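Visitor: Pasting the sequence and the predicted coordinates here, then a few questions.
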Amino acid sequence: MTNPHEAAMLITGLHERFCDELDELMRSFSAQLPTPDRPECRLSLKSARWAGYYWWRPNCCWYSIPHACTVGGDSYTNTVAHEVCHAYASQLHRGSAWHGETWQLLMRHLGHEPQRTVTVDMKLVRKVGNLLWARYRGAARGSMRQVEDPLMLKGGSDVNSQSKDR
Ligand SMILES: [Zn+2]
């Protein structure tokens, strides 16, 4: 179990590092390729069924703090890579399969297995989420300041969790 402030810092750091690595990769390609915009990093206190998701309007990766705290930093690293790769893959090849070849290639470039879903104990995620929500709701402070509620964004296109397979 990781504490929420550590999880928030870890996620933010990983997100920036993976974006740096993919920006570097894009620069090494030919100039004919479109240059993807760097996605924003957003954190959520909600314990929804998704561990993370990418949404392109606006260009944002959402990360669940309760999931990250529950599975721990090492396991959650794969989820951060997963969402960052969606951001770049979907801009490189619009209309391509969501977990298709481009996404898989970028995942491997970052040194991660391209898995579509992660296995989590949702009971535990909800318990952690309820505790965090009670504590930080309406009074986000310090490193939790950027925590927002992604449920306002309807129709997120991707779910990275055990229960859904899209
Ligand atoms: Zn995905």
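Guide: Looks like it arrived, so ask away. Residues are numbered from 1 along each chain as shown.
Visitor: Going by length in residues, pull out the top helix of the chain.
Guide: helix 4-28 (DSSP state H).
Visitor: average pLDDT across that helix?
Guide: Here helix 4-28 scores 93 as its mean pLDDT.
Visitor: what comes up buried for that helix?
Guide: Within helix 4-28, the residues that qualify as buried are 4, 7, 8, 10, 11, 12, 14, 15, 18, 19, 21, 22, counting by 16 or more other Cβ atoms under 10 Å. All C-beta atoms are positioned from the backbone trio N, CA, C, and that covers glycine.
Visitor: again, but for stretch 48-60
Guide: Here stretch 48-60 shows 48, 49, 50, 51, 52, 53, 54, 55, 60 as buried, counting by 16+ other Cβ under 10 Å.
Visitor: average pLDDT for it?
Guide: The pLDDT scores in stretch 48-60 average 90.
Visitor: Ends of it, what's the gap?
Guide: Stretch 48-60 has an end-to-end distance of 17 Å (criterion: Cα to Cα, to the nearest Å).
Visitor: Residue 130 reaches residue 47, doesn't it?
Guide: Yes. In this structure residue 130 lies within contact range of residue 47 using Cβ atoms under 8 Å: 7.2 Å.
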